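> Based on what follows, work out the 3D shape:
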Amino acid sequence: PSPNLFRRISFCMESPAPPSDTAREPPKLAAWAEEKVIDLVKERAAERCAPQLQEFVTCSKAHNMAVIWKCRSQLSQMNACMKKHTTPEDIRQMQIEFSDEYPNSIWKPYPSRK
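Alright, predicted model coming up:
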């Protein structure tokens with residue numbers, strides 16, 4: 001056997017590093033908790049995109065019916081910012097934070113009847 005084979009075997013037998021918080025898989029949440037997580041992610045994104053939101057609101061108030069044409073660039077900037085802050089990774093991180101803060105939000109299956 002080659003020495004590389006033993007090196008590969010010993011590498012595989014080493015204990016894995018404990019997962020970091022970002023690598024932790026979120027638990028399955030109850031339906032009400034999933035809705036709350038989505039709302040919290042959107043709320044956090046809105047806070048982070050406040051300048052773009054305000055620009056669009058100001059433009060839409062100024063142009064009333066022509067908002068579709070006049071405020072197209074502000075709308076695309078706002079949507080790009082919101083999309084940037086509502087990624088699946090952001091949702092996953094919020095699920096972890098929410099389940100840590102509210103452990104009763106974790107979904108539990110009903111006991112089976114026999």
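> Output the contacting helices and strands for the helix ranked longest in the chain.
As assigned by DSSP state H, the longest helix anywhere in the chain is helix 31-48. Applying 3 or more CB pairs under 8 Å, 6 or more residues apart in numbering; DSSP states H and E, one finds that helix 31-48 contacts helix 72-84, helix 88-101. (Each C-beta comes from the backbone N, C-alpha and C, glycine too.)
> how about a cut-off of 6 Å?
Judged by 3 or more CB pairs under 6 Å, 6 or more residues apart in numbering; DSSP states H and E, the packing partners of helix 31-48 are helix 88-101.
> Report the distance from the helix it packs on to the chain centre.
Centre-to-centre, helix 88-101 and its host chain are 7 Å apart (CA atoms, centre = their mean, to the nearest Å).
> And for stretch 38-51?
Distance of stretch 38-51 from its chain centroid, counting by CA atoms, centre = their mean, is 11 Å.
> Now it: buried residues?
Within stretch 38-51, the residues scored as buried using 16 or more other CB atoms under 10 Å are 40, 41, 45, 46, 48, 49.
> The following helix or strand past the longest helix of the chain vs helix 72-84, what angle?
Counting by DSSP states H and E, the next helix or strand C-terminal to helix 31-48 is helix 50-63. Counting by axes from the mean of the first three to the mean of the last three CA atoms, to 10 degrees, helix 50-63 points 150 degrees away from the direction of helix 72-84.
> Which residues are in contact with the residue nearest the centre of the chain?
Geometric centre of the chain, nearest residue: residue 91, 1.7 Å, by CA atoms, centre = their mean. Residue 91 makes contact with residue 41, according to CB atoms under 6 Å, 6 or more residues apart in numbering.
> if you set the cut-off to 10 Å instead, what comes out?
26, 34, 37, 38, 40, 41, 42 (CB atoms under 10 Å, 6 or more residues apart in numbering).
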